[in-house]
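Q: Using only what follows, build the 3D model:
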Amino acid sequence: MPTVLITGANRGLGLEFARQYAAAGWRIHAGCRSPSRANDLSAIGKQAAGGLTLHKLDVGSFAEIDALAQTLKREAIDVLVNNAGIGWPPRAPHDDFGKTNYDEWTDVMRINVLAPMRMCEAFVEAVARSDRKVIAMISSKLGSIELATGDLKDHVYRSSKAGLNMVTKLVGEYLKEQRVIPVALGPGWVRTDMGGSTAALSPEESVTGMRRVIAGLKPSDAGAFYSYLGEKLPW
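A: Numbering: from 1, shown residues only. Model prediction:
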């Protein structure tokens, strides 16, 4: 039975990953900051044939990441989904030029860049001992420097996803001998708390596409950047 570990699994894309992997019979380790309030996730767990285990995990706390890695040290994790992330600064001033909130930029970089790297370092052995050996970094087309044209704003979020893309590329090089396959995935513009109600895609559509990409990965894909449709995205 394949196993997936999902961060930020209590809502949005993370919750949909849990729902779809549960329906496919996978064993699920679901990380979220407040398991006692993750009612939708708990409901999925009650119907998960492969089993769903909730773990307290705030990826901003590297101590919690390390503690979970210790708890799961004997596991084989086929797919690690580094999904937890934060978007635009939640409070004004936002990130227009000249109004940058540097404390909030630091917070975004910690969650969107440093935490996925820490997850990779903490769980590399568990992923490497699995059959599939995939690390999926949930990124964004907004992190593509080549695609950054037109009316540009949001340098806080964009820079964090560009940083995550570089982490993905480098981890692919670092783990080449272990044949681990880290990839950055652009989920599209999705109707979540982050994407908003007017976004083009449902979580189901986005995650269905990303799971299809994940299922088709080969070792030669390590360090690549794909859209949820499987299109290779420019850096």
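
Q: give me the low-pLDDT residue ranges for this protein?
A: Along the chain, segments meeting pLDDT under 70 span 88-95.

Q: Tell me where it has strands.
A: Here the chain has its strands, by DSSP state E, at 3-6, 27-32, 52-56, 79-82, 134-138, 181-186, 224-227.

Q: Contacts for the fourth one next, please.
A: Where contact means Cβ atoms under 8 Å, 6 or more residues apart in numbering, the residues beyond strand 79-82 that reach it are 2-7, 14, 17, 115-116, 119-120, 123, 126-127, 132, 134-138, 214. Every residue, glycine included, has its C-beta placed from N, CA and C.

Q: And that strand, what's buried?
A: Of the residues in strand 79-82, Val79, Leu80, Val81, Asn82 count as buried by neighbour count, 16 or more other Cβ atoms under 10 Å.

Q: Tell me, how many residues neighbour Ala63?
A: By the criterion of other Cβ atoms under 10 Å, Ala63 has 8 neighbours.

Q: which residues touch it?
A: If a contact means Cβ under 8 Å, 6+ apart, then Ala63 has no contacts.

Q: to the chain's geometric centre, what's the distance from stretch 18-29?
A: How far stretch 18-29 lies from its chain's middle: 16 Å, per Cα atoms, centre = their mean, to the nearest Å.

Q: Using CSV, write out every CA atom in that stretch.
A: Provided in CSV are the C-alpha atoms of stretch 18-29 (Å, rounded to 0.1, in the frame of the first residue of the first chain):
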residue,chain,number,x,y,z
ALA,A,18,-6.0,13.8,1.2
ARG,A,19,-9.5,13.2,-0.2
GLN,A,20,-8.2,11.9,-3.5
TYR,A,21,-5.4,9.7,-2.1
ALA,A,22,-7.9,8.3,0.5
ALA,A,23,-10.3,7.4,-2.3
ALA,A,24,-7.4,5.7,-4.2
GLY,A,25,-6.7,3.5,-1.1
TRP,A,26,-3.4,5.1,-0.1
ARG,A,27,-2.2,5.3,3.5
ILE,A,28,-2.1,9.0,4.5
HIS,A,29,-0.1,11.0,7.0
